[in-house]
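In: Everything below, folded, please.
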Amino acid sequence: MHCGNMRKMRRGLLFLTILVICSCETGDPEVDIPQTPILHPQTSSIPQQNAIRIEWDLVTEDDLAGYNIYRAMSSEEEDFRIIATVSEQDSHYEDTDLETGVEYYYRISAFDDLGNESDKSDPVHYTLLEKPIPVQPADQAVIDAVPDFVWLGVSGTSSYTIHVQSRAPGLETWEDIWSSDKVYPYQDLRKTYNDDGLALALLERGMTYRWRVDSSGGRYSGSQSRWQYFSVG
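Out: Below is the predicted model of the structure:
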């Protein structure tokens, strides 16, 4: 072989050896992936609106930037799509783009300032239930007699229960003063306060109360209406 060609081959091999050694010494920096968030299993509906609330434990990493919220209509990995991104300070998300009677699955991931994303959490799921709609007393109404409670029902429900709560002046907590006996769909969806004698207290003038309707049985068992408030004048 010609001497010039030999020298070229030696130089090429030397360059390749140096390149391999440098690559082995430097390498790619290890990517710091955020820890996987943990979703709370008690995903639930929000009584005041048609929405689902999911909650999770905050990830405690200095470079955390936020969370991606994924949703699907099955538990299959390939079905999940991002529906929202929230800040690193958020520990819950309320999903309002929903239909009643549909089962939704949720997973979340955490990501850092560099865009590194954790694995997705284990899924949680919930079906948004159709809710009864309270009609009377209207919200913020002032009444001067024992009220009749009137509501719009939910198809497929086997019974309803009225809850009335009061709050003592200066306190933030509400407590049941009446959980009615059951009202069945074949009856009028109307119930007079304490007509069953189960109330713990009579309604008092100057006091503010709130009420809601719960459904039981059937497809929408356990759905709750929003709270409506009324006062006695």
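In: What does the pLDDT read for residue 167?
Out: For residue 167, the model assigns a pLDDT of 86.
In: just residue 95 next, same as before
Out: 94.
In: Could you pull up the contacting residues of it?
Out: 51-54, 69, 71, 83-84, 104, 106 (C-beta atoms under 8 Å, 6 or more residues apart in numbering). For glycine as for every other residue, the C-beta is placed from the backbone atoms N, C-alpha and C.
In: Please report how far it lies from residue 73.
Out: 13 Å (C-beta to C-beta, to the nearest Å).
In: which residues do the two both contact?
Out: Contacts common to residue 95 and residue 73, judged by C-beta under 8 Å, 6+ apart, are residue 104.
In: Bridge partners for residue 38, pull those for me.
Out: When assigned by DSSP bridges, residue 38 has beta-bridge partners residue 57.
In: Low-confidence stretches in the protein?
Out: Confidence mapping of the chain against pLDDT under 70 gives the ranges 1-30, 47-48, 218-222.
In: hey, where'd the helices end up in it?
Out: 3-26 (DSSP state H).
In: per-domain residue ranges of it.
Out: 38-127, 133-232 (automatic domain parsing).
In: nearest to residue 31, of these?
Out: Of all the domains of the chain, domain 38-127 sits nearest to residue 31, with 5.9 Å by C-beta to C-beta.
In: The domains of the chain into JSON lines, with extra columns for distance to residue 32?
Out: Below are these laid out as JSON lines (distance: least, C-beta to C-beta, whole Å):
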{"stretch": "domain 38-127", "distance to residue 32": "7"}
{"stretch": "domain 133-232", "distance to residue 32": "43"}
